[in-house]
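>>> A structural model of the following input is requested.
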Amino acid sequence: MSTGTDLAIAREDLPSSVWSRVLPVMLVALTYLVVIGGLRLGRRRAYRQVIFISVIVLLGVGLAMFQPFPWWVRAVNVAKALVVLALLFLASRPQVRSWFRRHQPTRRG
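Alright, predicted model coming up:
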């Protein structure tokens, strides 16, 4: 194969390669916007989603630490884990939890 042929193949594959990377990032960003909107409205479901997503991210980071990644990827994963741990700590504070407490119906009688 000549260099021109390699370049032609790369140009044909570029659009699908770009979208296979951009689309998941766009979907995650849209999901985060929906969750943030729910948090602003005080929805308990959005609060639970934050906790769930944080736990999943921590598990993913933990699994990534056992992979043969370069040092800088490990550094990014450690930073990500620290941010998520801070988020979990702050979200578990009683003041924050009280904003998303399940509403108890008032009893009469």
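>>> of all the residues in the helix or strand encompassing Leu63, which ones are buried?
Assigned by DSSP states H and E, Leu63 belongs to helix 44-64. For helix 44-64, the neighbour count (16 or more other C-beta atoms under 10 Å) marks Ala46, Tyr47, Gln49, Val50, Ile53, Ser54, Val57, Leu58, Val61 as buried. For glycine as for every other residue, the C-beta is placed from the backbone atoms N, C-alpha and C.
>>> check which helices and strands the lowest-mean-pLDDT helix or strand in the chain is in contact with.
Counting by mean pLDDT, DSSP states H and E, the chain has its least confident helix or strand at helix 3-40, which shows a mean of 82. Counting contacts by 3 or more C-beta pairs under 8 Å, 6 or more residues apart in numbering; DSSP states H and E, helix 3-40 packs against helix 44-64.
>>> now what about the helix it packs on, what contacts it?
35-39, 73-74, 77-78, 80-81, 84-85, 87-88, 91, 97, 99-102 (C-beta atoms under 8 Å, 6 or more residues apart in numbering).
>>> can you tell me which of those residues are buried?
Neighbour-count burial (16+ other C-beta under 10 Å) is assigned, among the contacts of helix 44-64, to Val35, Gly38, Leu39, Asn77, Ala81, Val84, Leu87, Phe100.
>>> list just the nearest of these to Thr5.
Proximity of the buried ones among the contacts of helix 44-64 to Thr5 (C-beta to C-beta) peaks at Asn77, which lies at 38.2 Å.
>>> what distance do you get for that closest one to Gly37?
In this view, Asn77 and Gly37 are 28 Å apart by C-beta to C-beta, to the nearest Å.
>>> kindly report the same for Ala8.
45 Å.
>>> hmm, back to that, so which of the contacts of helix 44-64 are in helices?
Counting by DSSP state H, the contacts of helix 44-64 place 35-39, 73-74, 77-78, 80-81, 84-85, 87-88, 91, 97, 99 in helices.
>>> OK, contacts around Ala81?
Leu58, Val61, Gly62.
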